[in-house]
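Peer 1: Okay, structure incoming, though there's no sequence with it:
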């Protein structure tokens, strides 16, 4: 018993000596505090983060950043905190403060230090406060934004100092707003607070609304009318913007519908083939994009940002070839027999789905989203996401290109000639079977292009096409068979109607209402919005 | 080659052929057949075909250990093709033609409801491995997934706690079908009982396979700007999740501001997504691949070896299949036969290890005890467990949160209460009101 006690005493003494040495050296007090991050649960970790921030040591930023990024680990052998990066054979370790190389270990030799949302928010604020005076513009901007997010009264002095030195107008705006929000939280004089309320109100966005509605509950009575007026003003503004925002949503949904349907406007609209495998062409285009990315990733990783641009011609050619094969192999035997075509292409769609499922497996394939397609930007009170904007631009480009092909090229002329009067065209020396194959190939290729765009917003799975086939037929029939302009107008108006109904009726009911409206419309005008007139109709 | 050699070779070949021709016949007599009823084509193939592979893996492992009751296990795989009536047909085929001893299968609630009459009529056992909406307890079904009180309610509890962010305002975002509808009914009642105002709950339904989430995500943002901490509880199903999360990331909804907790998003679903902008969003399950236990490591290593792909993830329904299979094996060993009634009598009260540590015990209501884990999405597509229940939670078939289910019990061991819907107030078996 005595021996054990003695031993324990010695251990404690040695340990305290060991601990005392870094303390004595002063500079490494921070190192001990960093190691504390690896101990205990979330409350202990939060205390450790606070202690680290209190040191004011600039090197701490790197450690905290690693902590939120999930690259901070505890080495199991000596419970030291280290930064790890993925390397061949496990993790390459670095000292958290000095960046010293600590060699590579197996991933089982270290434990990841976990953070939760609460802690992540705290760390973001802390990093924000510590980098508010950074020389890097983007760092400063995100610092200002995180200070705004938490609006901790303790940062007011720091913020004032940063604001005095700030020259960038955008960052200045964020900092001023942060200052105003903090003033609202402190017991500043009423005039200051009124000015702050005015400033926040002038921002007029949803964040400003959040700030005001949060302060309203705790504000002194004399400020309440001001705040309420601010809230009302912002709400009025937002309501106007809401209409515009719905418009952009409608345009975006419309552009997706347009992309999905425009290939069908060729195969079904121009050629009259009820192509139930159209959705699978879209799906094949999406898988082609995935394959392009995989190849780039393994051979030319540097080209990844342009993967989608490279995928466009690849997907087009691939699906066009598949389309031509389908036309030559199946559809050409079935011209003039719509029911058989419907059944054959439906069967084909099942075959294609199952083939993809067998080759790639049933689960979703990850398609990387390039940086230039992520995030959003504000346009007045509108939030526009980059991917939606690019898809809209892409849809319009495809539409224009298709119009040019149909109206300005010999192939387009022949296509129109063959669909309008096959026998006459044939008599004029046009190889109608060749034109049929080309037309079907073009329609399928365009469907493949839709697949490229859809990888950015939807699943890349064997079921991808099924979600779009009904919508595509709806758009083409509604717009008027055989008319690309009809498809454009049809897609955009269905998109708009959907998005304007959704906030009031909900997504489920909205969709039903649209379907009912279209059925009623088709009853009145069986040939859709833009009916073809003239002799072609009679066939 | 000399003549003698040629004759010898011919003989050897002949012998080999006879043996291989005889082998299946001989094997058929001393194998136990196990039915696997998961969709391998159609919409649900994305989730269910993994479970088919899991079952094949488990059966393979068991056979390596020497099979069951001295016999080899023989899997019988059928494909109900995500077609609900076909599930019933295939179940009948498995039980009456193939004479399987038990069936492991189904994913959606509607497929389970569709096969239920078949299992009752032919008296066989179904092991159902997916979290579901509760409100059911059947003699012929063993529920190895979570009931609402083992997933939804602990998740909400976590978000209401200071650690989870003291959430005061709730969006229940869901796909429009039976599981989200029932879960939301239970959750709404639970939230109201815990002092959340009616105005602070927003329930929104979207159709299956919904892809355009712009309006919904914007509405979540708007709902979250009322100055109270807001969270989203998502029961969005399957395919609709990827576009939903892509839109969340695009519109810049950070988990620190408005966390989304999902009940149908696991490692498998995240595998198709870029998760760098989704770090911190939550999922509630009874199992995560990242949980560091020796059992889990062995399971994952074996799975990778079996499927010959070390990138394949594991997920919660796979663990449920693992538990269900081990329970069945143990019950058959205890009963010494695969006879349905004897196995059902033996199985209640049995315990098998969880992959996350601890054990799962089968309760008299044919549900399990399970630990509940809350995980946060990481940039590598895995979940980090940030919270878990101190003890295992017993599965509750009839949720106490619903007034019409108060005092309803299910007990298949008791001769008097031996039904799935025993009313303790009336002291009699009653039938559940139609949902």
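Peer 2: Happy to help now that I have it. Because the structure is predicted, anything quoted here is derived from the model rather than measured. Numbering: from 1, shown residues only, chains lettered A, B, ... in the order given.
Peer 1: Please make it C-alpha for all contacts and neighbour counts, starting now.
Peer 2: OK.
Peer 1: Which positions in the stretch 151-300 of chain A make contact with chain B?
Peer 2: A:206-207, A:209-211, A:213-214, A:246, A:249, A:253 (C-alpha under 8 Å from any C-alpha of the partner chain).
Peer 1: Kindly reformat the residues you listed as JSON lines containing neighbour count and distance to residue A:161.
Peer 2: Shown next, in JSON lines, are those (neighbours: other C-alpha atoms under 10 Å in any protein chain shown; distance: C-alpha to C-alpha, whole Å):
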{"residue": "A:206", "neighbour count": "18", "distance to residue A:161": "27"}
{"residue": "A:207", "neighbour count": "19", "distance to residue A:161": "24"}
{"residue": "A:209", "neighbour count": "26", "distance to residue A:161": "27"}
{"residue": "A:210", "neighbour count": "18", "distance to residue A:161": "26"}
{"residue": "A:211", "neighbour count": "22", "distance to residue A:161": "23"}
{"residue": "A:213", "neighbour count": "19", "distance to residue A:161": "28"}
{"residue": "A:214", "neighbour count": "15", "distance to residue A:161": "26"}
{"residue": "A:246", "neighbour count": "23", "distance to residue A:161": "41"}
{"residue": "A:249", "neighbour count": "23", "distance to residue A:161": "41"}
{"residue": "A:253", "neighbour count": "27", "distance to residue A:161": "46"}
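Peer 1: Please look at residue A:448 and residue A:319 and confirm they touch.
Peer 2: Yes - counting by C-alpha atoms under 8 Å, residue A:448 touches residue A:319, with 5.5 Å between them.
Peer 1: In the residues of the stretch 151-300 of chain A next to chain B, find the pair that's most separated.
Peer 2: Greatest spacing in these, by C-alpha to C-alpha: A:214 and A:253 (34.1 Å).
Peer 1: Tell me which residue of the stretch 51-200 of chain B lies closest to chain A.
Peer 2: The nearest approach of the stretch 51-200 of chain B to chain A comes at residue B:165, 6.5 Å away (C-alpha to the nearest C-alpha).
Peer 1: for the stretch 301-435 of chain B, what spans make up the helices?
Peer 2: Assigned helices in the stretch 301-435 of chain B, in chain order: B:316-335, B:340-347 (criterion: DSSP state H, counting those that start in this stretch).
Peer 1: quick one: which of those helices is nearest chain A?
Peer 2: Taking the helices of the stretch 301-435 of chain B one by one with C-alpha to the nearest C-alpha, helix B:316-335 is closest: 14.9 Å.
Peer 1: name the element residue B:32 belongs to?
Peer 2: Residue B:32 is located in strand B:31-37, with elements delineated by DSSP states H and E.
Peer 1: May I have the strands that pair with that strand, each with its orientation?
Peer 2: Partner strands for strand B:31-37, per DSSP bridges, with pairing direction: strand B:72-78 (parallel), strand B:102-105 (parallel).
Peer 1: quick check: mean pLDDT across that strand?
Peer 2: On average, the pLDDT along strand B:31-37 is 96.
Peer 1: ok, and what's touching the following helix or strand past it?
Peer 2: Counting by DSSP H and E, the next helix or strand C-terminal to strand B:31-37 is helix B:45-64. Outside helix B:45-64, the residues that touch it by C-alpha atoms under 8 Å, 6 or more residues apart in numbering or on different chains are A:362-364, B:36-40, B:68, B:72-75, B:77, B:81-82, B:104, B:106-107, B:238, B:268, B:303, B:306-307, B:317-318, B:321-322, B:325.
Peer 1: circling back: can you tell me which residues contact the residue of the stretch 51-200 of chain B closest to chain A?
Peer 2: Residue B:165 makes contacts with A:117-118, B:159, B:229, as judged by C-alpha under 8 Å, 6+ apart.
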